[in-house]
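>>> Turn this into a structure:
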Amino acid sequence: MQNIAIILLMLACLAVLSFLVFISFKLLRDSQKQMKLDKEKKDQKKSLDR
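Numbers count the residues shown, from 1 in each chain. Purely as a prediction, here's the structure:
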């Protein structure tokens with residue numbers, strides 16, 4: 001019975017870790033997309049100022 005509890009605990013930890021990794025990659029991708037958009041806006045402003 002104790003082995004089953006340990007296996008379930010390990011599976012729960014794995015699920016939490018994979019969820020955190022998924023969220024962090026999603027946030028990273030979104031922030032990279034936002035930085036790219038900001039850079040394009042800045043470049044457009046520079047070209048308009050000339």
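>>> Tell me the predicted confidence for residue 12.
Looking at residue 12, its pLDDT is 98.
>>> what number of residues lie near it?
Residue 12 has 10 neighbours, counted by other C-beta atoms under 10 Å. Backbone N, C-alpha and C define where each C-beta goes, glycine included.
>>> which element is it on?
Using DSSP states H and E, residue 12 sits within helix 2-49.
>>> distance between that helix and the chain's centre?
Relative to its parent chain, helix 2-49 has a centroid offset of 0 Å by C-alpha atoms, centre = their mean, to the nearest Å.
>>> could you list every residue that touches residue 28?
Applying C-beta atoms under 8 Å, 6 or more residues apart in numbering to residue 28 gives no contacts.
>>> So residue 30 versus residue 37, what's the distance?
According to C-beta to C-beta, to the nearest Å, residue 30 and residue 37 sit 11 Å apart.
>>> okay, now residue 10: neighbour count?
Residues near residue 10, counting by other C-beta under 10 Å: 10.
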